[in-house]
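> A structural model of the following input is requested.
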Amino acid sequence: MYETFYNLKEKPFNILPDPDYLYMSKEHENAYTHLEYAILENKGFVVVTGEIGSGKTTLINFLINKIQQNVQIGLINQTYVTPTQFIKMVCQDFELDIDGLDKAEMVDQLHDFLLQQFANNKRVILIIDEAQNLSPKTVEELRMLSNLEAEKHHLIQMILVGQPELKFKLQRKDLIQFAQRVTVNCHINALGKDEVRNYIQYRLEIGGSEDLEIFTQDAINKVYEYSRGIPRLINVLCDASLVYGYADKQKHISIDIVKSVVKERKAGGVFADVRESDGSELAVPNVENVPNRAIEQQVQQLSRYIRLMENRVDSIDQRISNIEKGRGGGDAIVLELLKMLKESLDRRYDALMSIKKVTKISDQNS
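From the prediction side, this is the model:
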């Protein structure tokens, strides 16, 4: 649409996780260094977290392109699944024949595959994107898979990539054994003000522009203000601004164009309360002006509710276990309903932990 007008080869602000457009900020370079070290040293479990839209998937795609040829890579990005479904997805990703096999047989098949790769001097890495959605039982299944070892070597290395909720999930008391096995972890923060300028110009350059000053400095400052340095939001704002600039036949994007984009997007709910949000999909309470005593009461109430939630999840876990041990055909529907309820409770639990953390931080800063 606007590519010819701005002398671009392609749209530079596409939101797809294209590794060619990865801007190596300090945060991304740090995360990549951690990943590179973990893979080189075969460090078992690795956890990478970052805000929504911070470029985690783009970084992983970049990593996959850079990994040497003697590494077999599996990538899972559908994580709202049961442990059995997860094992099946892993086997399918490694192209194993598992038709008609039950869970135990699939694990055996996977173990044989890992041993064969080890015998051929090939490393196996499993990357799990959107890992914050994994249920605690599926996380435990990952831990069990890590027990598949040969002599003193890991047969499979696992990299979990997810939103900040993943860190909170791994703090659960029932996941302590897994958390203790995480040997490398890092978090990708948002871009700083200067990095946003470099990010925009880098994307323009990759897109084929000879004029890296298409966006004025005031416009870039406004993009930073409304995006909070989140790459995906920067892309959304810049792409829409180029559309507006093209429509108005403006060769350079001014602050007024960016403001117009934001105004329209706010009207549609896209950037509503953007400066009050923490960048996640979870709407957290604004506690900046709440007295300390009130914040303390909120934390206490949340803690009680979280304990109740933990008890409910444990109770449902026990009911699921009892049904699975002596399950008949009539229990199948009940079992599936219980599992769906548990997944819903797990997500609510993670949301509550996120709110509790934000509330505590605000209390400490007030």
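
> Mark out where each domain of this structure begins and ends.
26-188, 193-267, 292-365 (automatic domain parsing).

> how far is whichever strand or helix holds Ala104 from where the chain is centred?
When secondary structure is defined by DSSP states H and E, Ala104 falls within helix 103-119. Centroid displacement of helix 103-119 relative to its chain, using Cα atoms, centre = their mean, to the nearest Å, is 28 Å.

> CA atoms only: put it into CSV for me.
Output for helix 103-119, consisting of C-alpha atoms alone and laid out as CSV, is shown next (Å, rounded to 0.1, in the frame of the first residue of the first chain):
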residue,chain,number,x,y,z
LYS,A,103,0.7,-42.5,27.0
ALA,A,104,3.3,-44.9,28.5
GLU,A,105,3.9,-46.4,25.0
MET,A,106,4.4,-42.9,23.6
VAL,A,107,7.0,-42.1,26.3
ASP,A,108,8.8,-45.3,25.5
GLN,A,109,8.8,-44.4,21.8
LEU,A,110,10.2,-41.0,22.6
HIS,A,111,12.8,-42.5,24.8
ASP,A,112,14.0,-44.8,22.0
PHE,A,113,14.1,-41.8,19.7
LEU,A,114,16.2,-39.8,22.1
LEU,A,115,18.6,-42.8,22.6
GLN,A,116,19.0,-43.1,18.8
GLN,A,117,19.8,-39.4,18.5
PHE,A,118,22.3,-39.7,21.3
ALA,A,119,23.9,-42.7,19.6
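
> Tell me the helices and strands packed up against whichever helix or strand comes after that helix.
On the C-terminal side of helix 103-119, the nearest following helix or strand under DSSP H and E is strand 123-128. Packing contacts for strand 123-128, counted by 3 or more Cβ pairs under 8 Å, 6 or more residues apart in numbering; DSSP states H and E, involve strand 71-76, helix 103-119, strand 157-162. All C-beta spots, glycine's among them, are computed from the backbone N, C-alpha and C.

> Touching strand 123-128 from outside, list them.
Contacts of strand 123-128 from elsewhere in the structure, counted by Cβ atoms under 8 Å, 6 or more residues apart in numbering, are 39, 42, 60, 64, 67, 70-77, 79, 90, 94, 114, 117, 134, 142, 155-161.

> Tell me which of the helices and strands packed on strand 123-128 is the most buried.
Taking mean count of other Cβ atoms under 10 Å as the contact definition, the stretch among the helices and strands packed on strand 123-128 with the greatest mean neighbour count is strand 157-162, which reaches a mean of 24.

> Check what pLDDT Val47 gets.
At Val47 the predicted local distance difference test score is 95.

> Let me know the helix or strand that it is in.
Following DSSP H and E, the helix or strand that holds Val47 is strand 45-50.

> The following helix or strand past that strand packs against which elements?
Per DSSP H and E, the first helix or strand lying C-terminal to strand 45-50 is helix 56-66. Contact partners of helix 56-66 among helices and strands, from 3+ Cβ pairs under 8 Å, 6+ apart: helix 26-40, strand 45-50, strand 71-76, strand 157-162.

> In a markdown table, list those along with distance to Leu148.
Formatted as a markdown table, the entries for the helices and strands packed on helix 56-66 read as follows, by distance: least, Cβ to Cβ, whole Å:
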| stretch | distance to Leu148 |
| --- | --- |
| helix 26-40 | 18 |
| strand 45-50 | 13 |
| strand 71-76 | 14 |
| strand 157-162 | 11 |
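
> Kindly tell me how buried the nearest residue to Glu105 once chain neighbours are set aside is, as a neighbour count.
When the adjacent residues along the chain are set aside, Glu105 lies closest to Ile98, with 7.6 Å between them (Cβ to Cβ, 6 or more residues apart in numbering). Per other Cβ atoms under 10 Å, the neighbour tally for Ile98 reads 17.

> So Ile98, which state does it fall into?
The three-state assignment at Ile98 reads coil, by DSSP: H, G, I helix; E, B strand; the rest coil.

> Would you map the helices across this protein?
With helices called from DSSP state H, the chain shows them at 26-40, 56-66, 83-93, 103-119, 136-145, 165-169, 176-179, 193-206, 217-227, 231-247, 255-267, 292-325, 332-365.

> next one: the shortest one to chain centre, how far?
Its chain's average C-alpha position is 19 Å from that of helix 176-179, according to Cα atoms, centre = their mean.
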